[in-house]
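**Q** here's my sequence, what's the structure:
(2 chains)
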Number of protein chains: 2
Amino acid sequence: MGMDYSSMDQWILGEDSFDPTHLGKCEAVMSLGNGYLGLRSATEEKYLGETRDLLINGTFDRFDESEVTELPNAADVTAMELWIDGERFSLDQGSHTGYRRELNLRTGELTRQVEWTSPRGSRVRLRFRRIVSLKRLHDIALEVCVTALDQPVSVKLRSGIDARVTNTGTQHFAEGEKRFYEKKYVQLLETTKESGITFVLNAVHRFARNGAPLELATDVNIDRRVIYADYTVELAPGDTFTAEKYANVYTTRDLDCAGLTVPQLQEKTLDDLKESAALGYAALAEESAAQWREEVWDRAPVEITGGEKSRMDLFSLRFAQYHMRLMLPRHDNRMNIGAKGLSGEGYKGHCFWDTEIFLLPYYMFSDPEAARKLEEYRYLSLPGAHRKAEENGYRGAMFPWESAWLDDGETCPLYMGTDILTGTPIKVWSGIIEQHITADVAFGAWQYITIAGDEDFLEKYGYELIMDTATFWASRLEPGEDGRYHINDVVGPDEYHEHVNDNAFTNYMACWNLNKAIEYYQQLQTENPALLRKLEEKLNLTEAYPRWVDGAEKIYLPQPTAEGILPMDDRFMNGQEIDLSKYKNQEFVAGIMKDYNLDQIQHLQVCKQADCLVLFYLLEDRFPPEVKRASWAYYEARTIHDSSLSLSTHSVQAADMGEMEMAYDLFRRAAAIDLGPYMGTSDAGIHAASFGGVWQCVVYGFGGVRMLNGKLRIEPHLPEGWDSLAFTLMWKGQKLQVRAGRDGSATVENLTGTAPVTVTLNGVEVQR
Amino acid sequence: MGMDYSSMDQWILGEDSFDPTHLGKCEAVMSLGNGYLGLRSATEEKYLGETRDLLINGTFDRFDESEVTELPNAADVTAMELWIDGERFSLDQGSHTGYRRELNLRTGELTRQVEWTSPRGSRVRLRFRRIVSLKRLHDIALEVCVTALDQPVSVKLRSGIDARVTNTGTQHFAEGEKRFYEKKYVQLLETTKESGITFVLNAVHRFARNGAPLELATDVNIDRRVIYADYTVELAPGDTFTAEKYANVYTTRDLDCAGLTVPQLQEKTLDDLKESAALGYAALAEESAAQWREEVWDRAPVEITGGEKSRMDLFSLRFAQYHMRLMLPRHDNRMNIGAKGLSGEGYKGHCFWDTEIFLLPYYMFSDPEAARKLEEYRYLSLPGAHRKAEENGYRGAMFPWESAWLDDGETCPLYMGTDILTGTPIKVWSGIIEQHITADVAFGAWQYITIAGDEDFLEKYGYELIMDTATFWASRLEPGEDGRYHINDVVGPDEYHEHVNDNAFTNYMACWNLNKAIEYYQQLQTENPALLRKLEEKLNLTEAYPRWVDGAEKIYLPQPTAEGILPMDDRFMNGQEIDLSKYKNQEFVAGIMKDYNLDQIQHLQVCKQADCLVLFYLLEDRFPPEVKRASWAYYEARTIHDSSLSLSTHSVQAADMGEMEMAYDLFRRAAAIDLGPYMGTSDAGIHAASFGGVWQCVVYGFGGVRMLNGKLRIEPHLPEGWDSLAFTLMWKGQKLQVRAGRDGSATVENLTGTAPVTVTLNGVEVQR
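**A** Okay, the predicted model is just below:
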C-alpha cells in the first residue's frame, strides 16, 4: 500500500492508498512544474500537515536579517474545497473505495479518483485532474468532477486564491489588491517584503452539469490575505458536476513581462487567463503534453530492454528526466536549480555544487542550450562571488556555497538542526569554509564548453570565470613550513568533517582550476591576444598569472598511503572507527546525529558522503586504478550515505571498476531516494542532484560515457538483467544515438550529421 | 448536540459533542486568560481550521505599512500531540464515546475527557486539564492522562513550543534563540518585527505512570521556528500515563520585568518555570481558583433566584463576568480591552468606544481600581490623539476610533469585507470620520470619576482629558448658513450610514463634552485656581474656553419630529423602507451586505445597531419619555442588530419603559451572542462589549441602577420568572449590597461602611 508502480510501463507513477500522515511524499514526488513555477501536489481538499507550495523560480526574498533569502511560497490557487450535503469532503472522514492517484510522466498530468461515502452516508464519485502547462509557463489548470451515486446530493465548492500560506511560518508577502472582476475573475496581488517583487495571480472557473455548461451564482468573499467564492449545485443521482479552474501567476521579475507596470501586468494577466479558459482544460493539457514530447522525451530518449527489473530501471530514469525538467529554468539565465528543485521549501531554493557536479552532465548531453543558461547564471552572479572573496580577505571570485538571486552573495544559513549535547542549534560552517564550490563552478563551465563545443560561451564568459576563480585560489593558498601551499580549515564534500586541513578534493580541484586558467591564458596568448588584453585589463592578469603559476607549482597534493588509499584530509585516517551498520541500514538520514554531536563525529572514521571518490570521478585520469580501488573499499565501508549525492558517485565508480553487481545495487538505491516506497524522506522536496546521479549511473556508469581530456569515450558495461541500453548524447552540436548490448557491443550514430565527431568507442577511436 | 448547559448550576459550560467543522466556537467561548495573556482553547491535538492563539495584551506590532498594528500570535505552547500505537490521536479519526469538554467558570479550569478507539482498534481513555493562572500571570499548565483500556498500547507524545503560528498568515516575529536546557527545559525566543518586543517562552514536562514519577528519554528536535521533543511510553492494560506540561511566557514589554536584559529575562523565566513545575499542576490550579474567588466572585457576587429560566440568566451573567476578567489588564495601565478581548484575532486587539460605553460600567461598579487603569490608558494615549487631531486639521485631543499601543494613534484598517457590486474590498471610514469616540472617552472618564468619587484621578488626568477633548470639538464644529454649528460628514454609532451630517448622537455628545469642560473650568476657578493655572498653560485655555462656550451655545442639536422621533441624522428618515424580516432572523450578521452594497444601504431605512438609543441611555435625563418611546419603536423596527452592541442597549431602554417582556427577550438574545448554541459567530473571538451589555441588562435594566447627575439611583423591576436579584455596587469607595424582590422592593446595605452614601431608592433618597 502506498506508492504503486504497476503502471510504470505506461509511464505512470501511482499511489493506491491515501495516507494522511505521509502527505509530503506524493506532494513532492508527484509535483508538477515547468522550471518557471513548481507546484507541490497538495490535494484540492486540505489536510493537517500538508505543505501547499507554489514556488516561482528566482523570486527570492529575505524575511529579515536573521534569515537568508529563499523562494517565497506564493498564494495558493489549487485548493477546491467540497462539501457534499454539508459535509466537508476529506479522505480521512467517512469511508472510500477505488482510490488512485497517478502522475503521468509523459504528459505531466496528475489525476486522482475515489468513491467517497460521507460520515452521514452521502455517496459520490470524484475525479480530479490538473496540469502545469509546459507550453504556457504561467498557467495552471485543474478539473474536478463530482458524480452523485445513489441519491441526490448538494455540492458546495469553495475556491479562490489564498495568500495565507507561509514558508513554514515565515510570511514573505505584504498583502496587495484583491478583486473580483465581473463577479467571476479573481485577482490577488502580493509583494515580497524585501525584494519588492509583485506577484499577480488570477483564477476563474467554468462549470458544467453532465457536460452542459452551467452558470452558478457566485457568493463572493474577500478577507485578510484571501479571496474566494462559494458555488452550490444540486445533483440528481447519476449527475456529474464538473468544475474547471484556470489560474495563472506572473511576477514583476519575469523576463517576459519586463517593462510592464503593475496595472499593465494586472490587465495582461487577466487577458491571458481569459484566453486559456476559453481554450479549455483538454486543449491546454494536450498542448502541454505535446511540449513534453518535444522538449524532453523526443530530445533525450532512453530505452532499456531486458528482464523484469530493467522496466523499473527505465521508469526510474524517466522519473529522473521528468523532475529534471520541472526544476530547469530554461526560460531565464538569471536563475539556477535549487537542491530540492521547485518541489518544496528544503534548502530554500538555493543552488549548490549539485548543479555542476550532479545535474549538469544530463543537461549538457541532452539540452546544451539550457545547460549554457545554468552556467551563464554563474557568470551573472560574479558580483556576489567578488563580494564574498573580499569579505573573506581573498581576491577573485569566491562562489557562495549556497546561491540564490544574482547579487545575494552567500545565502547559506548559519544554523541548522539540533546539537544533542548542548541542546542548541548546530552551526553550519559550509557557507564560510566549504570552499571547493568555486573550483566546482569552474569545472562545470569547462565541462560545458568542451562537451558543447561552445566557443562563444568560452569567449564571453568561460575564460573570465575560470581565470577569476583561479585568482581566488591563488589568494587562498597558505604557505606552510614545508615550502608548499596548503588550504587549511575547510569543509570538503564530506560535511561530517569540519575544519580540516588539506582536504584532498579541495586541493586537487584548486590545482586543476589554477592549471586550467594557465592553460587558457597560454592558449589565448597565441590564439586570441586581443581578448587576452581585454581580460588582462579586467582581471589584472599581469599580477594574477604569475600567482597562478606559483600556486599550481607549489600546492600540496595529498598522496596515497602505502595501501593505495588517498587520505581525505589530514585528520580522517587517525579517527576512531565505530560500527556503522546501524546507520548504514536506516531509512532516514542523519541518525548518527541523534547519538553523537558534530564535535564528536569529527573524530570518527565516518563519512556522510563520497569525498575523495568524487575527485576520482571528476579527475578520472589523474589517479591510477589501484588507488581508486583501494580508496573505494576503504571509504565505502566508512560512508553512511547521509547525502543523496553519495550513492550515484559510488555506483559509477563501481561500474568503472567492473563491479557491476555493486554498481547496480547502488544505482537501485540511488533511484529509490525519491521514487522508492519510503514515505518520509521527500517531505522537504525531491533530491534534485540524485536525479542527475541516476542519469549518471545509467549513462556514465553502465553506458561508460565520459568526457576525458576533451574527448568523448563510450565503453558500455550493462548490468545483469539488461539486454540493451539506448540513449542520445549531444556532443559539440551533434546529436548522437548510442546503442549498447549486453555483451558490451556498442554503436554510435550521428543523427544530426552536420559535422563529423570523434568518439573513443570501446577503446577504438571512430568518426561519426 | 454541541453546547451543553446541564451543569450550569455548577458554574460549568459544557460541550457534549465534538464538531471539527466548528472549532472556533469553543476555542473562543471557552478561552482562558488573566488579562495579561489570553489563550484560545484550541485542543492539545491539532485540527484543520483551528485557530491556535496566544495573545499577550499590549504587545502590538505592525507587519508593514499596508497593515495596522495588532496583537501578534505568540508561539504555541499548548499542543501535546499523541500517537497511540503509531496512530495520531484525533477525534475525527476512528471513533469515540463519552466526549465532554467543560469550562469551570468558578475556577477557570478547562477539562476534557473521551474514550477513543483508533482506526486500527487501539482503545484509550483520555483526560485533559489546563489552566491559565490568575495568580501567576505568565503561567500556563496542562495535564494529559492516557489510560490503556483493553490491551497494552504504545503512547508517543510530541510536545514543545511552536512559533510557526501566524495571524491569519501574517508573521509578526523574527526567529530568536531556541534551546534545550538539561535536555528538559525548552526555551524559545521571538521578537516582533517592528515594535521589537522580545517574547521568551519556556516549557517543561513531568511524567508519571499510575501516579509514580517517570523519567522518559528525550528525543530532541530544533527546526525552523519550532522546538520539541518526542517521548514514548509503553502501557499495560489499565495503566495511566500522565504528562504535565508547565509553560510560561514573558515579554520585554512586561512591567514586572522592566529593566531586565534579554539574557536576564531568559534566566529569570527559566527559574520561574522551575518553581511552578515544582509546585505541580494541582497546587497551581488551586491557587489560581482561589484568586478567581477573591478577585471576581467574592468581589462582585450576583445572585438571581426564581424559576427555571432564571438559572440560565444567572449563568449568563457569570459567564460575562468570567470573560470580563479574562480581557481585563488589571496589571498594567498602558493597555486596554480589545473588542474580542484576548480570545481571537478579530479587530486585532484594538479597543473602541466599547470600553467606555459598554464595559466600563461593570468595572466601575465592581473593581474601580481596574476601571481607573482603563481610563489612565486613555490619558497615556493622548499623544496619539493629539497627532490624529493635527493630521486632520483640528486641535486638542481627537481619539482614535481604534486604539492599540499608546503612541500608535489611529489603527483602524482602511478596508474590510467585500463590495458585492464592485468586487473590491469595502473602504472603512470609521477611522477617519467616526468621531464620537472622543466624546465617549470623555464621558467614560466623567462616569468613572463620579461613580468612584476619584478626586485624585480627576485632578491628575480627568480635567485635562475632558478639556482637551472639548477643544477638539470646538475646532471640529462647522458654521452653517443658519448661524449654528454643524458636524458634517461623520459616521455615527450606526455604521450602515456613512458621511451623514448632524448625527444626533455625535452632536449631543459633543455638546455634552463642551459643557462638561465649561463646568469643570468654572469649578476650578473657584475651587482650585492653582490647578487651573497649570492647565491653562498646558492646554492654552485662555484661547480654548471662549471657543467651548461659543460651541456649546451654537451647536445644532437635532430636535424630535412631530411624532416624537429624534432624527438620527439629516438623511435617514428620507431613506427607502424595505422588508427587514430576512435580516432580523439571521443567525449570522451582515447578511444584508450580500444583497446590497454599502452605497445602497446608505439610502435604506436600516440600522446596523442602536444609534439615537445609545444617546437616550447615556444622557438619560435629556430627553422626555415620550420621545424615547416613539424613537425606540421607530428605530427598533429598522434595526437588524448586526452589532453585538445593539441588543443590550435596546433591552435596558425597554426595561426603563417598563416593557419587561421585550426587555427580557432582548436580554436573552444579548446573552446568547457568545453563550448561545450558534456555532459560527464567535470564531474571531468573543464579543467583549456584549458581556458588559449583559451586565447592564441585569443591573441597569432589571436592577434599575443608574448614575444620574452624579447621584446613584436604584429602581428595580425584575422580569417575569425572577424572584429576587442581588448584586453589589462600588459607589464612591463604599461597597453596597443591593437586594431586589419581584415586587419591586429593594434594600441597600453599605458593606464597607466607612462613609455614608446617598441613594435614590425607588424614588426616595436614603442614606446608607
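**Q** ok, now how distant is residue A:65 from chain B?
**A** Spatial separation of residue A:65 from chain B under the definition Cβ to the nearest Cβ, to the nearest Å is 8 Å. Using the backbone N, CA and C atoms, a C-beta is placed for each residue, glycine as well.
**Q** for the single nearest residue of the stretch 551-700 of chain A relative to chain B, which non-adjacent residue is spatially closest?
**A** Proximity of the stretch 551-700 of chain A to chain B (Cβ to the nearest Cβ) peaks at residue A:594, 7.2 Å away. In space, and not counting its chain neighbours, residue A:594 is closest to residue A:420: 6.2 Å by Cβ to Cβ, 6 or more residues apart in numbering or on different chains.
**Q** could you report the neighbour count for that neighbour?
**A** When counting by other Cβ atoms under 10 Å in any protein chain shown, one arrives at 19 neighbours for residue A:420.
**Q** got the contact list for it?
**A** A:593-597, B:220 (Cβ atoms under 8 Å, 6 or more residues apart in numbering or on different chains).
**Q** try it again at 10 Å.
**A** Listed by Cβ atoms under 10 Å, 6 or more residues apart in numbering or on different chains, the contact set of residue A:420 reads A:426, A:593-598, A:600, B:180, B:183, B:218-220.
**Q** and of the residues you listed, the nearest to residue B:404?
**A** Checking these against residue B:404 by Cβ to Cβ gives residue B:180 as the nearest, at 35.1 Å.
**Q** from residue B:198, how far off is that closest one?
**A** In this view, residue B:180 and residue B:198 are 19 Å apart by Cβ to Cβ, to the nearest Å.
**Q** higher neighbour count, those two?
**A** When neighbours are counted by other Cβ under 10 Å, residue B:180 and residue B:198 differ, and residue B:180 comes out ahead with 23 against 20.
**Q** the lowest-mean-pLDDT helix or strand in chain A: which residues count as buried?
**A** The weakest-scoring helix or strand in chain A, judged by mean pLDDT, DSSP states H and E, is strand A:415-418 (a mean of 82). By 16 or more other Cβ atoms under 10 Å in any protein chain shown, the buried positions in strand A:415-418 come out as A:415, A:417-418.
**Q** repeat that for stretch A:178-190.
**A** A:178-181, A:184-190.
**Q** so does that stretch get close to chain B?
**A** Yes. Applying Cβ under 10 Å from any Cβ of the partner chain, one finds stretch A:178-190 touching chain B at A:178-187.
**Q** please flag which of these sit within strands.
**A** A:178-181, A:185-187 (DSSP state E).
**Q** CA atoms only: put stretch A:32-49 into CSV for me.
**A** Extracted in CSV, the C-alpha atoms of stretch A:32-49 (Å, rounded to 0.1, in the frame of the first residue of the first chain):
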residue,chain,number,x,y,z
LEU,A,32,4.2,19.5,-11.3
GLY,A,33,6.1,22.3,-12.9
ASN,A,34,7.9,23.8,-15.8
GLY,A,35,11.1,25.5,-14.5
TYR,A,36,9.3,28.8,-14.2
LEU,A,37,7.0,27.5,-11.4
GLY,A,38,6.9,24.5,-9.3
LEU,A,39,3.7,23.3,-7.7
ARG,A,40,3.6,20.7,-5.0
SER,A,41,0.8,18.2,-5.4
ALA,A,42,-1.1,19.1,-2.3
THR,A,43,-4.7,17.9,-2.9
GLU,A,44,-7.6,20.1,-3.8
GLU,A,45,-9.0,19.4,-0.3
LYS,A,46,-6.9,20.4,2.7
TYR,A,47,-5.3,18.2,5.3
LEU,A,48,-3.5,18.9,8.5
GLY,A,49,0.2,18.6,7.9
